[in-house]
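In: dropping a prediction and its sequence here:
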Amino acid sequence: MAHESISEVGKEEKMKGWTRRILAVAVMLALGLVSLPVESARASASVPQDRAGPPPALAEIIEKPYLDVLTIAEQYSFRQNEIEAFREQLKKEKEQKLAALKQEIAALRQQIEAARQKLSELNRRSSRDDPQTAKERREIHCHIQRLRKKLVEKEALERKTVEVTYENKEAKLDLLTRWPPEKKRIEEEIRLGRARQRPYGDVEDIGFRDVGKGQEKDIKMGEDAIRELKALGLMPPEFKDEEIETYIRNLAEHIARNSDLRVPVKTQLLLTDEVNAFALPGGFLFINTGLVLEAESESELAGVIAHEIAHAAARHSARLMKRATIASILYQAAQIAAYIATGGVVSLLTYYLLEYGFAGLGLVIELKLLGVSREFELEADQLGAQYLWKSGYDPRAFITFFDKMASKHGYARGTSFFRTHPAFADRIIHSFREFAFLPPREDYITDSEEFHRIKERLRTLSKEAMEQQKEQERKRPRLRKEETCPEDEPPKSPTPPSDSNRSLLCCLARHTWGRETDSLAGRRGAELFA
């Protein structure tokens with residue numbers, strides 16, 4: 001009996017020992033001090049061990065930069081039905097915003113018509129204005145001017161902003177589902193030694209390969225285009241400062257030496273707050289001061305320059321204009337410029353300068369002249385990334401700048417950037433595909449002290465030059481007598497106006513347009529931003 005009692009006590013002690021061990025392991029698991037075996041971890045979790053927690057919400061992901069979305073796409077998997085449901089939600093949001101915008105446009109037209117009715121009532125009172133009637137008439141004129149300005153903003157700038165915003169969001173959704181299988185294909189092609197078999201895959205031969213044969217033939221075409229643009233009053237004034245011009249020229253020439261461009265690159269800074277850059281046939285590169293000031297690093301500026309050099313190297317504009325002449329390409333812009341001139345403003349450049357604080361060349365210039373098409377944008381993205389890589393810059397810099405511009409809300413000065421650099425999902429996927437194929441480098445140039453010094457110098461000097469330019473435009477003779485109106489109310493937009501635009505919110509030289517002209521303005525605006 002004594003032996004059995006001792007045996008029972010021993011069993012009880014063993015049970016207590018196992019209980020203590022189990023409790024200790026449970027506590028350590030709860031505190032994260034130990035982990036389950038790999039097999040158990042895989043069975044109980046759907047995410048890799050280097051990642052914690054569920055994926056971010058889709059609404060949160062589409063507000064992130066593209067490079068962050070790329071990382072999320074590689075870490076998490078998303079159900080297709082979840083993506084499509086959210087896409088439908090975005091589509092409804094876009095339709096609601098455009099519908100609300102349409103209602104605002106209709107309301108503005110009604111207000112303009114109501115103001116005209118008041119003018120008609122004034123005209124029925126008597127054959128001549130007394131001081132009180134003249135004062136009422138002037139107030140109505142100013143009210144109509146303010147309404148017309150808002151109408152142009154709603155019909156053109158804001159509509160394009162809404163469209164670009166949602167195109168950008170949908171592109172990020174596409175990246176989540178399309179990038180993981182694409183990355184696997186890229187890795188397989190590299191493993192099998194087929195990376196160089198892709199179009200323009202011979203990146204080590206940049207400068208020695210046959211890209212854009214016949215570039216020298218484009219020089220005269222570019223010279224003709226520049227001459228016509230200046231004759232039509234569409235070319236913004238040149239910005240002159242030897243130190244700044246030298247920096248921009250050296251940067252462009254460095255990238256051109258590491259590209260397939262075989263004609264000299266000729267750079268010109270244009271004095272305008274419009275955020276854009278464009279290349280004309282023959283290696284003529286125009287960079288707006290507004291774009292330089294918007295870039296946050298030297299690599300972003302280099303990214304835009306490389307993209308434009310790619311257009312010139314591949315002769316995109318020449319290939320789109322096989323049978324067109326410069327005169328026919330610029331016909332639409334000439335019509336609009338002439339139409340605005342009849343209203344009292346000497347050129348389209350003057351109109352945008354006085355209304356919005358930037359010269360709107362990118363909003364009206366025919367896209368064929370810039371070599372812009374869906375196919376050629378994909379090609380320029382790929383070649384531009386290669387030229388950045390060859391020049392030592394981060395090849396992702398252009399997409400970084402592109403993403404930042406698309407994420408700005410209510411940003412009128414950047415509207416033309418997406419007219420001349422259209423946003424769509426394919427070019428984002430195509431760009432990331434090229435980034436993955438490019439041979440890795442240990443260090444990329446991302447920024448420089450010189451860039452920020454030049455940028456600050458440009459900020460000061462361009463502001464002074466812009467004020468002088470605006471003053472000159474105000475003093476130019478007009479075809480019609482001007483009216484000076486009180487200061488306008490700041491436009492209601494999601495973000496406050498920039499310093500460069502805030503000073504232009506006063507009612508400047510204006511002209512009287514009839515009802516038919518208002519209708520024409522609406523149609524022209526719709527055509528320009530379609």
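Out: Received the coordinates, thanks.

In: next one: the residue nearest to Pro199 when sequence neighbours are not counted relative to Val263, how far apart?
Out: Closest residue in space to Pro199, ignoring its immediate chain neighbours: Gln382 at 7.6 Å, by CB to CB, 6 or more residues apart in numbering. Just so you know, the C-beta spots here come from the backbone N, C-alpha and C atoms, and that holds for glycine as well. In this view, Gln382 and Val263 are 21 Å apart by CB to CB, to the nearest Å.

In: same check, this time on Leu108
Out: According to CB to CB, Leu108 stands 48 Å off from Val263.

In: quick one, what contacts Asp241?
Out: Arg457, Leu458, Leu461 (CB atoms under 8 Å, 6 or more residues apart in numbering).

In: could I get the residues you listed as a markdown table with distance to Ser299 and secondary structure?
Out: Output for those, formatted as a markdown table (distance: CB to CB, whole Å; DSSP: H, G, I helix; E, B strand; the rest coil):
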| residue | distance to Ser299 | secondary structure |
| --- | --- | --- |
| Arg457 | 19 | helix |
| Leu458 | 17 | helix |
| Leu461 | 23 | helix |
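
In: okay, now the unreliable bits of this protein?
Out: Within the chain, the ranges that satisfy pLDDT under 70 run 1-52, 156-157, 233, 321-372, 406-424, 473-530.

In: output the contacting helices and strands for the lengthiest helix in it.
Out: In the chain, assigned by DSSP state H, the helix with the most residues is helix 80-125. With contacts defined as 3 or more CB pairs under 8 Å, 6 or more residues apart in numbering; DSSP states H and E, the packing partners of helix 80-125 are helix 58-61, helix 131-152, helix 159-191, helix 515-528.

In: buried residues in the longest one?
Out: Think helix 159-191. Going by neighbour count (16 or more other CB atoms under 10 Å), the buried part of helix 159-191 is 159-179, 182-183, 186, 189.

In: returning to that earlier point: more crowded one of Gln382 and Val263?
Out: Gln382 (25 against 19; other CB atoms under 10 Å).

In: all helices of the stretch 301-450 of the chain, in order?
Out: 316-320, 326-329, 331-342, 348-356, 361-364, 367-370, 374-391, 397-407, 415-420, 425-437, 449-475 (DSSP state H, counting those that start in this stretch).

In: ok, Asp68 - contacts?
Out: Going by CB under 8 Å, 6+ apart, the list of residues near Asp68 is empty.

In: so Gly212, which of the three states?
Out: The three-state label given to Gly212 by DSSP: H, G, I helix; E, B strand; the rest coil is coil.

In: quick one, what contacts it?
Out: Gly212 is in contact with Asp260, Leu261, Arg262, Ala312, Ala313, Ala314, Arg315, counting by CB under 8 Å, 6+ apart.

In: one more time with 10 Å
Out: Counting by CB atoms under 10 Å, 6 or more residues apart in numbering, Gly212 makes contact with 218, 259-263, 310-316, 318-319, 383.

In: put the buried members of those residues into a ChimeraX selection.
Out: Those of these that count as buried under 16+ other CB under 10 Å are selected in ChimeraX with:
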select :218,259,260,261,263,310,311,312,313,314,315,316,318,383
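
In: select, from the contacts of Gly212, the two members most distant in space.
Out: Ser259 and Arg319 (17.5 Å; CB to CB).

In: give me phi/psi at Asp130?
Out: Taking degrees, to the nearest 10, you get phi -90, psi 170 for the backbone angles of Asp130.

In: next, work out how far apart it and Glu121 are.
Out: Per CB to CB, Asp130 is found 15 Å from Glu121.

In: also Glu216?
Out: As judged by CB to CB, Glu216 and Glu121 stand 66 Å apart.

In: ok, now Gln110?
Out: For Gln110, the distance to Glu121 equals 17 Å [CB to CB].

In: next: Leu261.
Out: Taking CB to CB as the measure, Leu261 falls 64 Å from Glu121.

In: cool, and Ala195?
Out: Counting by CB to CB, the gap from Ala195 to Glu121 is 75 Å.

In: kindly report the same for Glu243.
Out: 60 Å.

In: now Ser127
Out: According to CB to CB, Ser127 and Glu121 sit 14 Å apart.

In: which of the two has more neighbours?
Out: Glu121 (11 against 5).

In: for the more buried one, what are its contacts?
Out: Counting by CB under 10 Å, 6+ apart, Glu121 touches Glu136, Ile140.

In: now do 6 Å
Out: When the contact criterion is CB atoms under 6 Å, 6 or more residues apart in numbering, Glu121 has no partners at all.

In: and the gap between the closest residue in space to Ala195 that isn't next to it in sequence and Ile428?
Out: Leaving aside its chain neighbours, Ala195 sits nearest to Phe437 (5.4 Å; criterion: CB to CB, 6+ apart). Distance check for Phe437 against Ile428: by CB to CB, it reads 15 Å.

In: more crowded one of these two?
Out: Taking other CB under 10 Å, Phe437 and Ile428 do not tie; Ile428 has more neighbours (24 against 19).

In: I figured that one hits Ala171, correct?
Out: Yes. Between Ile428 and Ala171 there is a contact at 5.0 Å, judged by CB atoms under 6 Å.

In: quick check: phi and psi on Phe278?
Out: The phi and psi values for Phe278, taken as degrees, to the nearest 10, are phi -150, psi 150.

In: any idea how many residues pack against it?
Out: 25.

In: distance of it from Ile248?
Out: Separation of Phe278 from Ile248 (CB to CB) stands at 14 Å.

In: now do Ala465
Out: Distance, Ala465 to Ile248, using CB to CB: 15 Å.

In: which of these two has more neighbours?
Out: Ranked by neighbour count (other CB under 10 Å), Ala465 and Ile248 place Ile248 first, with 22 against 17.

In: ok, and the closest non-adjacent residue to the more buried one?
Out: Thr267 (5.5 Å).

In: what's near enough to touch Cys469?
Out: Careful, residue 469 is Gln and not Cys. Remark: with contacts taken as CB under 6 Å, 6+ apart, Gln469 is in contact with nothing.

In: repeat for Thr446
Out: With contact taken as CB under 6 Å, 6+ apart, Thr446 is in contact with Ser297, Ser299, Asp394.

In: what's the closest of those to Glu228?
Out: Looking across these and measuring by CB to CB, the closest to Glu228 is Ser299, at 34.1 Å.
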